[in-house]
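In: Sequence and computational prediction follow.
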Amino acid sequence: MPTLFQIADEIAALHDLLTESAGEITEAETEAAIDQWFVDNEQALEKKVDGYCGLIREFEARSEAREIEAKRLMALAGSDANQAKRLKDRLKYFFEVCGIKKLETPRFRLSIQANGGQAPLVFPTEWENFPYNAPECFHKTEIRLDRTAIREAIRNDEETHGAFLGDRGTSLRIR
């Protein structure tokens, strides 16, 4: 069975032949051969495309199943990480209550140490919830494009300084 690209090449060759003859097929034998070619290629094309679509659906189904399994495994990993953190926090609390700074077991060496990096920044919770309440010298200005305003300017035939609407893309839908 020919591949999709071989079928496309044959269609292009037939198109070239029909273009060269200006669409005039005078010999009955040639006309019958072309008719048979259409029948054969239509069947091959339908069978090939049907197989492709089946393969696409198989990959989509496998992808979905793997995403579900990945989410399940990530949830289990998150649960394990949370449990490990809770146990570690309890052990740290125990060390602090008992005044233990270091301890060595047959498999592990444990120690209570100060964290590195910058000291934690503490500020009023009001600033966190309503940043505009903080002094202006602590504000950060962020500039973002107003895409809605650009579209509106294009619709109203206003100056857009090089912005324009591009062509929409296409997609293949399989039902």
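Out: Ah, there it is.

In: In the chain, which helix is the longest?
Out: In the chain, with assignment by DSSP state H, the single longest helix is helix 28-98.

In: Could you give the separation of the next helix-or-strand element following it from the chain centroid?
Out: As assigned by DSSP states H and E, the chain's next helix or strand after helix 28-98 is strand 102-104. Put simply, strand 102-104 sits 47 Å off its chain's centre (C-alpha atoms, centre = their mean, to the nearest Å).

In: and strand 102-104, average pLDDT?
Out: For strand 102-104, mean pLDDT rounds to 96.

In: Can you name every helix or strand that that strand contacts?
Out: Using 3 or more C-beta pairs under 8 Å, 6 or more residues apart in numbering; DSSP states H and E, the elements in contact with strand 102-104 are strand 109-111. Every C-beta, even on glycine, is put in place using the N, C-alpha and C of the backbone.

In: on that earlier part again, which strands and helices lie in contact with the longest helix of the chain?
Out: Secondary-structure packing of helix 28-98 (3+ C-beta pairs under 8 Å, 6+ apart): helix 4-20.

In: Stretch 11-21 - what's its average pLDDT?
Out: Rounded mean pLDDT across stretch 11-21 is 67.

In: ditto for stretch 108-128
Out: So the average pLDDT for stretch 108-128 ends up being 93.

In: Ok, stretch 153-169 next?
Out: Rounded mean pLDDT across stretch 153-169 is 94.

In: what about that stretch, distance to the chain center?
Out: When distances are taken as C-alpha atoms, centre = their mean, stretch 153-169 is centred 27 Å away from the chain's centroid.

In: Just the residues contacting that stretch, thanks.
Out: Residues outside stretch 153-169 that contact it (C-beta atoms under 8 Å, 6 or more residues apart in numbering): 150-151.
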